[in-house]
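> Have a look at this prediction, sequence included:
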Amino acid sequence: MPRTIVVTGATGDAGRAVTSALSEAGHTVVAVGSNAERLASITANAHYVCDLTDVAAAAALGPRVHEEVGPVDGLVHLVGGWRSGHDAEGWDWLEPRLVTSLRLATLAFHDDLSASSVGRLVVIGSTSAAKPTWSGANYAVLKTTSDAWVAAVASGWRKAGTAAAVTLLVKSIGADGTPLERIAEAILPLWDAPAADLNGAKFDLT
């Protein structure tokens, strides 16, 4: 059955692969990105330019998509980034991408996902976060924080048993890591599986 699915970070390599796969599967795809020119080239039914690190902009996005496209059944959050180190500059670069964007995007669509009979939040996790190193301290700490947020969302959905928060684990994405196609393939069946089997689950794609 076709669903309405929001893909954030849609202009990245993973975003392009996922939006294409979801579109080909017949879903209504809402692509969200911060660069209008790059966003226009994404295969999707609707395109929204939004800075998901901006509280007001992110809060306005959810109601706007709901009104203009319809109730949302899925949020695939693909905003991310990586930098090594433990310095303040690296922390300030990573935190908005890894934590704030996830938190604000989830809040923007939480009501719709909770109301949907098959609401799904899908995020990309990192196997390296489980083995933090000093050279990658900032990244590991912030990814662990993101994991805690997803776990909290899953906890809130557990009683109703309709929505589910799912994490796909990778070490890296692309030629030297998990292929883009495998990520897209792992996402496609999530709206057909029971929420109880998915909520809080972590699927290793390494």
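Received, thanks.
> Torsion angles phi and psi at residue 70?
phi 130, psi 180 (degrees, to the nearest 10).
> could we number from 20 for the rest of this?
Okay, residue one is now 20; in that scheme the one you just asked about reads as residue 89.
> how near is it to residue 175?
Here the criterion is Cβ to Cβ, to the nearest Å. By it, residue 89 lies 23 Å from residue 175. To be clear about C-beta, it is placed using only N, CA and C from the backbone, and glycine gets the same treatment.
> same deal with residue 109?
31 Å.
> More neighbours: the two, which one.
residue 109 (18 against 14; other Cβ atoms under 10 Å).
> Double-check that that one belongs to a helix.
Yes. Residue 109: assigned to a helix according to DSSP: H, G, I helix; E, B strand; the rest coil.
> quick one: it and residue 157 touch, right?
Yes. Here residue 109 lies in contact with residue 157, judged by Cβ atoms under 8 Å, at a distance of 4.9 Å.
> got a list of what residue 187 touches?
141-144, 202, 205-206, 221-222, 224 (Cβ atoms under 8 Å, 6 or more residues apart in numbering).
> ChimeraX command to pick out the buried ones of those residues?
Selection of the buried residues among the contacts of residue 187 in ChimeraX, burial being defined by 16 or more other Cβ atoms under 10 Å:
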select :141,142,143,144,202,205,206,224
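> Now render the contacts of residue 187 as a markdown table, adding secondary structure, pLDDT and distance to residue 78.
Output for these, formatted as a markdown table (DSSP: H, G, I helix; E, B strand; the rest coil; pLDDT from 0 to 100; distance: Cβ to Cβ, whole Å):
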| residue | secondary structure | pLDDT | distance to residue 78 |
| --- | --- | --- | --- |
| 141 | strand | 98 | 21 |
| 142 | strand | 98 | 20 |
| 143 | strand | 97 | 23 |
| 144 | strand | 96 | 25 |
| 202 | helix | 97 | 28 |
| 205 | helix | 98 | 30 |
| 206 | helix | 98 | 25 |
| 221 | strand | 97 | 28 |
| 222 | strand | 97 | 30 |
| 224 | coil | 96 | 32 |
